[in-house]
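**Q** have a look at this prediction, sequence included:
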Amino acid sequence: MGSLVVVGAQWGDEGKGRVVDLLAEQADVVARFQGGANAGHTIIVDGTSYVLHLIPSGIVRGKTCLIGNGVVIDLPTFFEEIETIEKQGLQVEGKLLVSDRAHLTLPYHRLLDAAREADNRARKIGTTQRGIGPTYVDKMMRIGVRVCDLFEPDNLREKIAANWEEKTHGLRHLSDEQRPHPDAVLETYLGYAEKLKPFVVDGSVVLNDARKAGKHVLFEGAQGTGLDIDFGTYPYVTSSNATAGGACTGTGVGPTFIDHVAGIAKAYTTRVGEGPFPTLMEPGIEEFCRQVGHEFGATTGRKRLCGWFDAPLVQHAARVNGLGSLIITKLDVFDQFEEVKLCVGYTNSEGKSVAFPASLADLAKCTPVYETFPGWNTSTEGARSMDDLPANAQAYLKRVEEVAGVPISLVSVSPSRESFILLDERLLSYAY
Ligand code: GDP
Ligand code: IMO
Ligand code: MG
């Protein structure tokens with residue numbers, strides 16, 4: 001019996017899907033706890049690529065997967081995703097559970113997200129336009145529609161009609177045909193209710209019963225600490241708690257349920273969408289990194305900006321998540337780099353060393369302090385132990401561990417499932 005939380009320690013796309021797939025081998029239940037269809041988690045097994053947006057990555061191993069109450073569910077995407085992965089040969093029936101308390105992203109949420117991003121007067125966030133912000137707004141405004149509402153048609157009708165009144169203002173630029181009519185939304189969602197019913201559970205009961213029965217539970221974060229609504233680079237963040245605390249509120253378990261929190265970081269840093277990015281690489285190297293690392297969004301196809309490993313960001317992640325270990329992915333992307341830089345700290349305008357600040361104005365005044373490491377010019381893809389790695393790669397990882405202040409438990413060296421170096425056996429066996 002053990003439970004692990006896996007969260008992104010940077011700005012998302014750290015390789016959470018591939019790591020969860022690895023850790024899911026010994027898991028009994030895998031749970032998502034926040035975010036929605038904005039996530040794009042890629043898992044590659046025997047040359048087949050699975051891209052998941054809402055369904056936890058444990059589905060690839062045929063594990064029981066829970067979409068927790070903290071997730072916002074876009075039902076058309078949910079059913080499409082099921083269809084896609086079933087075509088790829090995965091079994092979903094009887095494996096996938098959905099919390100009755102999760103909120104639903106409705107068609108007007110996506111339209112409102114897109115409208116806000118297109119409005120020149122608003123600050124553009126560079127969202128995925130999946131309706132995430134507007135859905136969480138309604139949750140906090142206490143006018144959201146939850147999974148359990150689908151099974152109470154009168155309640156659902158009333159909620160959709162009332163919300164429609166409120167939302168029409170924000171969508172007044174659209175024609176009547178472009179705006180989903182509340183009656184049509186109601187009819188579609190009553191249809192979804194029938195289809196969704198077999199999946200619906202009280203997620204809190206499921207997880208707590210699993211723990212009592214001695215099962216291993218794995219919590220899969222989406223996005224990352226830099227995108228967390230409280231601890232990220234606000235306002236250039238997503239609208240949920242992507243940090244470890246979200247695993248509790250987003251599924252219905254207490255903090256005492258959790259045995260270990262692992263943070264995932266790439267050997268470098270990426271970011272997609274708007275917002276500050278202090279360790280952006282020099283243009284030629286940045287483009288090279290993007291090509292070698294295939295740094296294009298799994299959800300939107302947008303270019304991800306590439307930067308050097310940002311220790312102040314990861315130190316901040318270690319603190320706010322209570323990280324017990326750090327998982328480093330994509331070390332192999334550096335295999336052809338002549339040299340590798342590592343940002344070991346920030347100094348402010350007075351030259352003082354500072355922690356990752358809250359204010360973006362303060363962050364803009366920070367100067368990254370770099371150390372430079374010689375490259376290794378050797379393929380690391382086949383490495384399965386630290387000793388298999390070239391000395392320069394070992395030296396780089398050692399320094400990353402030192403500056404992050406958290407022990408490294410695992411390093412991955414290619415997108416394939418088997419390409420990793422395990423440094424702490426407890427991680428795979430839930431033995432914390
Ligand atoms: P997530 O959102 O955190 O799950 O990450 P994404 O799936 O969006 O992005 C990570 C990308 O890196 C995916 O395309 C993975 O297949 C790929 N990847 C994961 N680990 C490694 C690795 O160790 N090496 C390389 N080259 N690619 C990796
Ligand atoms: P995974 O789980 C990277 C970014 C968007 C935008 C900001 C807000 O694959 O790591 P939103 O649509 O959430 O309102 O957009 O957050 N963003 C991500 N960036 N990986 C993700 O998910 C992301 N999900 C959202 O680009 O900057
Ligand atoms: Mg992703």
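**A** Yes, it's here. Worth saying up front: this structure is predicted, and the values here are computed from it rather than measured. Ligands and ions are numbered 1, 2, ... in the order given.
**Q** going forward, measure contacts and count neighbours with C-alpha atoms only.
**A** Fine.
**Q** and the helix-or-strand element of the chain with minimal mean pLDDT, what does it pack against?
**A** Within the chain, no helix or strand scores below helix 153-168, which has a mean of 90 by mean pLDDT, DSSP states H and E. Where contact means 3 or more Cα pairs under 8 Å, 6 or more residues apart in numbering; DSSP states H and E, helix 153-168 is packed against helix 182-196.
**Q** centre of the chain to the helix it packs on, how far?
**A** With Cα atoms, centre = their mean, to the nearest Å as the basis, helix 182-196 stands 28 Å off its chain's centre.
**Q** now it against helix 153-168, angle please.
**A** Here helix 182-196 points in a direction 130 degrees away from that of helix 153-168 (axes from the mean of the first three to the mean of the last three Cα atoms, to 10 degrees).
**Q** residues contacting helix 182-196, please?
**A** 75, 107, 150-151, 153, 156-157, 160-161, 164 (Cα atoms under 8 Å, 6 or more residues apart in numbering).
**Q** any of those buried? List them.
**A** 75, 107, 150-151, 156-157, 160-161, 164 (16 or more other Cα atoms under 10 Å).
**Q** so G307 bridges to which residues?
**A** Taking DSSP bridges as the rule, G307 bridges to T269, L280.
**Q** roughly how far apart are R142 and D13?
**A** Using Cα to Cα, to the nearest Å, R142 is found at 31 Å from D13.
**Q** again with R157
**A** Distance, R157 to D13, by Cα to Cα: 38 Å.
**Q** interface residues of the protein facing ligand 3?
**A** 13, 40-41 (Cα under 5 Å from the ion).
**Q** V344: which of the contacts of helix 182-196 is nearest?
**A** L75 (43.1 Å; Cα to Cα).
**Q** which non-adjacent residue is nearest G405?
**A** Spatial nearest neighbour of G405, chain neighbours left out: Q315 (6.8 Å); criterion: Cα to Cα, 6 or more residues apart in numbering.
**Q** same check on A317?
**A** Using Cα to Cα, 6+ apart, the closest residue to A317 is A9 (5.3 Å).
**Q** so what's the residue count around that neighbour?
**A** Using other Cα atoms under 10 Å, A9 is surrounded by 33 other residues.
**Q** what does the one 4 residues further on give?
**A** Applying the criterion other Cα under 10 Å, we find 28 residues in the vicinity of D13.
**Q** how about the contacts made by it?
**A** 40-41, 223-224, 270.
**Q** in PyMOL, how would I select just the buried ones from those residues?
**A** Applied in PyMOL, the following selects the buried portion of these according to 16+ other Cα under 10 Å:
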select buried, resi 40+41+223+224+270
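**Q** quick one: the helices in the stretch 1-150 of the chain, in order.
**A** With DSSP state H, counting those that start in this stretch as the criterion, the stretch 1-150 of the chain has helices at 16-23, 75-87, 107-118, 132-141.
**Q** of those helices, which approaches ligand 1 most closely?
**A** Evaluated over the helices of the stretch 1-150 of the chain, closeness to ligand 1 peaks at helix 16-23, with 3.6 Å, by Cα to the nearest ligand atom.
**Q** can the closest one be found next to ligand 1?
**A** Yes - with Cα under 6 Å from any ligand atom as the measure, helix 16-23 is seen reaching ligand 1 through 16-18.
**Q** from those, pick the one nearest E86.
**A** Nearest member of these to E86, counting by Cα to Cα, is G17, at 17.9 Å.
**Q** so what pLDDT did the closest residue to that closest one other than its chain neighbours get?
**A** Among residues not flanking G17 along the chain, H41 sits closest, at 4.6 Å (Cα to Cα, 6+ apart). Here, the pLDDT recorded for H41 equals 97.
**Q** sorry, back to before: okay if I get the residues of helix 16-23 next to ligand 1 as JSON lines plus neighbour count, pLDDT and distance to R290?
**A** Shown next, in JSON lines, are those (neighbours: other Cα atoms under 10 Å; pLDDT from 0 to 100; distance: Cα to Cα, whole Å):
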{"residue": "K16", "neighbour count": "29", "pLDDT": "98", "distance to R290": "18"}
{"residue": "G17", "neighbour count": "27", "pLDDT": "98", "distance to R290": "19"}
{"residue": "R18", "neighbour count": "23", "pLDDT": "98", "distance to R290": "19"}
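**Q** could the residues you listed go into JSON lines alongside distance to ligand 2?
**A** Formatted as JSON lines, the residues of helix 16-23 next to ligand 1 follow (distance: Cα to the nearest ligand atom, whole Å):
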{"residue": "K16", "distance to ligand 2": "7"}
{"residue": "G17", "distance to ligand 2": "8"}
{"residue": "R18", "distance to ligand 2": "11"}
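**Q** and the residue nearest to A317, how far is that from R179?
**A** Counting by Cα to Cα, the gap from A9 to R179 is 38 Å.
**Q** all strands of the stretch 1-150 of the chain, in order?
**A** 3-8, 29-32, 41-45, 48-52, 64-67, 72-74, 96-99, 103-105 (DSSP state E, counting those that start in this stretch).
**Q** possible to save those as a markdown table with distance to ligand 1?
**A** Below are the strands of the stretch 1-150 of the chain laid out as a markdown table (distance: least, Cα to the nearest ligand atom, whole Å):
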| stretch | distance to ligand 1 |
| --- | --- |
| strand 3-8 | 7 |
| strand 29-32 | 12 |
| strand 41-45 | 3 |
| strand 48-52 | 7 |
| strand 64-67 | 16 |
| strand 72-74 | 17 |
| strand 96-99 | 19 |
| strand 103-105 | 20 |
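**Q** how about the residues of the stretch 101-250 of the chain by ligand 2?
**A** Near ligand 2, when you scan the stretch 101-250 of the chain using Cα under 6 Å from any ligand atom, you find 125-130, 132-133, 222-223, 227, 236-238.
**Q** run the last query once more with 8 Å
**A** 113, 125-133, 221-224, 227, 236-239 (Cα under 8 Å from any ligand atom).
**Q** show the buried residues in those residues.
**A** Counted by 16+ other Cα under 10 Å, those give 113, 125, 127-133, 221-224, 227, 236-239 as buried.
**Q** I appreciate the help and will end here.
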